[in-house]
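Engineer: What shape does this take:
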Amino acid sequence: MTFITEVVIEDGVTSIGDSAFFYFSNLTSVTIPNSVTSIGDMAFYYCSNLTSVTIPNSVTSIGDFAFCMCSNLTSVTIPNSVTSIGAFAFCYCNNLTSVTIPNSVTSIGDYAFYCMGLTNVYYCGSYDDWKDIDISDIGIFYLTDATVYYNSHSWDEGAVTTEPTCTEEGVMTYTCTVCGDTYTEAIPATGRHSWDEGTVTTDPTCTEEGVMTYTCTVCGDTYTEAVPATGISDFDTTDDSTSSSTSDSSSSSASDAETSGVETGDSTSLTLWAALAGISLLAMATILATRRRFSHKK
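Structural biologist: As a prediction, the model looks like this:
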C-alpha cells in the first residue's frame, strides 16, 4: 500500500512492467505517454481509487489483471492500436458501466470484463467484425450480456480541413478517437464578399468615364464601378494677360491713327503724304542753294 495519489510516467518509457503500481490504493490519476506500447500483468492491480485512465494510441497489448480490482473506474476507452486484452484485465471493476472497444482488437481473454455494472459496449466495427474477435468462453457473460453498439465511434470535435469561401463550401472532418475512422460535413459558404478599397483600372478622360475595380480578398471575385469623366479640357485654359495686352495694343493703334487723321489700314494715303513731304523738302533745299550762289557773286 502507498499514499501516492498521482503518477506521471515519463515520456520515452516504452512499457509499464508487471505489478509496477500493484496495490497503489490511493492512486487517483495516472498519465501514460504516447511512447508506451505495452501495459504489463497486474500493472495497476487493486488501484481502487483510480477513477479514470487514458490509454494512449501507442499501446498494443494490455496484460493479464492489468486493471483488475480498480473498483472506481466508471468508463474505459481502449485505443485503436490495441490488438489484445489479457485475461482478468478489467475483472471486478464493478463500477465500470461502459467500455469502448476498437475494431483493431483480435482477442479478449478470460474474465477480461467480469464487471457486474457493465451495461454498454461501444464497438467501432460491424457485427461481423465483432463475431470475428477471439473472445474467451470463460467468464465473459457480463460482456456478452451488455448492449453492444456496432459501428459506434467516439468522434472528436472536428477540424476544418477546407476553409469555406464566399461562394464555395468548406469541409469539417471528424475523427474517431478510438479507431481513427473519419467522416466529413460541409461548412456553408459565407455568402458574403470582403471587398478591397478598389483600384482604378481605366483612367477617366475629359469626355469618357473610367473604371474602378474592386476585388474580394477571400475568393478573388471582382466587380466594377464607373469613374466619372473629368469634364475638363486642356484647351479651356487661356492666358487672360495675353488677351488683355493684345486688346490694349489694338486700342492704342486705333487712337494714334485717329490723332494723325489717317484712317487705320489706309496704306495708299500714307504713301502719298510721304511723297509730298519729300518733294517739299527738295524744293526748299534748291531755293536755299540758289540764294547762296547769288550772295557770293555780289
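Engineer: Just the helices from the stretch 101-250 of the chain, written as ranges.
Structural biologist: 127-132, 141-145, 240-260 (DSSP state H, counting those that start in this stretch).
Engineer: Ranked by average pLDDT, which of those falls at the bottom?
Structural biologist: Looking at those, the lowest mean pLDDT belongs to helix 240-260 (a mean of 49).
Engineer: how deep is Ile39 tucked in, by neighbour count?
Structural biologist: By the criterion of other Cβ atoms under 10 Å, Ile39 has 26 neighbours. Just so you know, the C-beta spots here come from the backbone N, C-alpha and C atoms, and that holds for glycine as well.
Engineer: Repeat that for Phe67.
Structural biologist: Residues lying near Phe67 (other Cβ under 10 Å) number 26.
Engineer: just the strands in the stretch 51-200 of the chain please.
Structural biologist: 61-62, 75-77, 84-85, 98-101, 107-108, 120-123, 134-135, 147-149, 159-162, 170-175, 182-187, 199-202 (DSSP state E, counting those that start in this stretch).
Engineer: The ones you listed into TSV, with extra columns for distance to Asn49 and mean neighbour count?
Structural biologist: Conversion of the strands of the stretch 51-200 of the chain to TSV gives the following (distance: least, Cβ to Cβ, whole Å; neighbours: other Cβ atoms under 10 Å):
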stretch	distance to Asn49	mean neighbour count
strand 61-62	20	22
strand 75-77	16	18
strand 84-85	23	21
strand 98-101	20	22
strand 107-108	26	18
strand 120-123	23	20
strand 134-135	30	14
strand 147-149	28	13
strand 159-162	35	12
strand 170-175	32	16
strand 182-187	36	13
strand 199-202	69	12
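Engineer: Tell me which of those lies nearest to Thr51.
Structural biologist: Comparison of the strands of the stretch 51-200 of the chain against Thr51 by Cβ to Cβ identifies strand 75-77 as nearest, at 9.6 Å.
Engineer: Quick one: distance of the closest one to the chain centre.
Structural biologist: The chain centroid and the centroid of strand 75-77 are separated by 37 Å, computed with Cα atoms, centre = their mean, to the nearest Å.
Engineer: hmm, back to that, mean pLDDT lowest where, among the strands of the stretch 51-200 of the chain?
Structural biologist: Between those, the one with the least mean pLDDT is strand 75-77; it has a mean of 89.
Engineer: and it, which strands flank it?
Structural biologist: strand 98-101 (parallel) (DSSP bridges).
Engineer: residues in contact with the partner strand?
Structural biologist: 74-78, 90, 113, 118-124, 152, 154, 178 (Cβ atoms under 8 Å, 6 or more residues apart in numbering).
Engineer: still on that earlier bit, could you check the strands of the stretch 51-200 of the chain and tell me which one is nearest Phe44?
Structural biologist: Evaluated over those, closeness to Phe44 peaks at strand 61-62, with 10.1 Å, by Cβ to Cβ.
Engineer: What strands line up against that closest one, and which way round?
Structural biologist: Strand 61-62 has these strand partners (DSSP bridges): strand 38-39 (parallel), strand 84-85 (parallel).
Engineer: Which one of the ones you listed lies nearest to Thr215?
Structural biologist: strand 38-39 (57.8 Å).
Engineer: And for the closest one, what's in contact with it?
Structural biologist: Contacts of strand 38-39 (Cβ under 8 Å, 6+ apart): Thr14, Ser15, Ile16, Ile32, Ile55, Val59, Thr60, Ser61, Ile62, Gly63, Ala66.
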